[in-house]
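**Q** kindly generate the corresponding structure for this input.
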Amino acid sequence: MEEKRFCAGCGHQLEEGAKFCTYCGRAVEGIGFNNSGNNTNDYSDYDNQEYSQQDNYQSNGISSSDTNGTIALVFGILSIVLGGILWAILAFVFASQAEPYSSRAKTGKILAVIGIVFWVIAIIALIFLSASLATQYK
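**A** Modelled structure (predicted):
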């Protein structure tokens, strides 16, 4: 009986004698982990590093330590609620420092843009309203 092997790319168990992972499609000939967790190929440093990076992410794809992404999201919300370019700038700054592919940082940037647009439209509407009221009561 052959030892259980796991794909170095996605970590799923390989079928017996498989040359490709049925889950991610990565070629697995000579690549994989045996049942003790030891890498069975010559590229162990690269594969272990790649595999450990995947372990840092929760199953939903959000890093448990993405504080900059969370801060960007909060500043994006503040740019809508309180207005002001400062909140939007802070959202973009923290989003740029967040982990790659952070959904929180991406959402924070989108909310910051929405906040800027919303408040610019509100200010323009107030200017027109005050101008029309000023001409009406002259």
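
**Q** domain map for this protein?
**A** The record's domain split for the chain, according to automatic domain parsing, is 1-55, 67-136.

**Q** let me know the average pLDDT across the shortest one.
**A** Domain 1-55 shows an average pLDDT of 64 in the prediction.

**Q** do the same with the last one
**A** When pLDDT is averaged along domain 67-136, the result is 90.

**Q** between the two ends of that domain, how far is it?
**A** Using C-alpha to C-alpha, to the nearest Å, the end-to-end distance of domain 67-136 comes to 52 Å.

**Q** which one is the residue most central in space within the chain nearest to, not counting chain neighbours?
**A** For the chain, the residue nearest the mean C-alpha position is S102 (1.4 Å; C-alpha atoms, centre = their mean). Residue nearest to S102 in three dimensions, not counting chain neighbours: G69, with 3.7 Å by C-beta to C-beta, 6 or more residues apart in numbering. Every residue, glycine included, has its C-beta placed from N, CA and C.

**Q** who is F6 paired with across the strands?
**A** Beta-bridge pairing for F6 (DSSP bridges): Q13, F33.

**Q** what's the longest helix in this protein?
**A** helix 103-136 (DSSP state H).

**Q** isn't the residue nearest to the centre of the chain up against T67?
**A** No. Counting by C-beta atoms under 8 Å, S102 does not reach T67; the two are 10.2 Å apart.

**Q** report the contact partners of L111.
**A** Neighbouring residues of L111 by C-beta atoms under 8 Å, 6 or more residues apart in numbering: 73, 76-77, 79-80, 91.

**Q** do you know how far it is from K4?
**A** 45 Å (C-beta to C-beta, to the nearest Å).

**Q** got it, and L82?
**A** 55 Å.

**Q** try I89
**A** Distance from I89 to K4, by C-beta to C-beta: 51 Å.

**Q** count of residues packed around K109?
**A** 21 (other C-beta atoms under 10 Å).

**Q** err, A27, not the other one
**A** By other C-beta under 10 Å, 12 other residues sit near A27.
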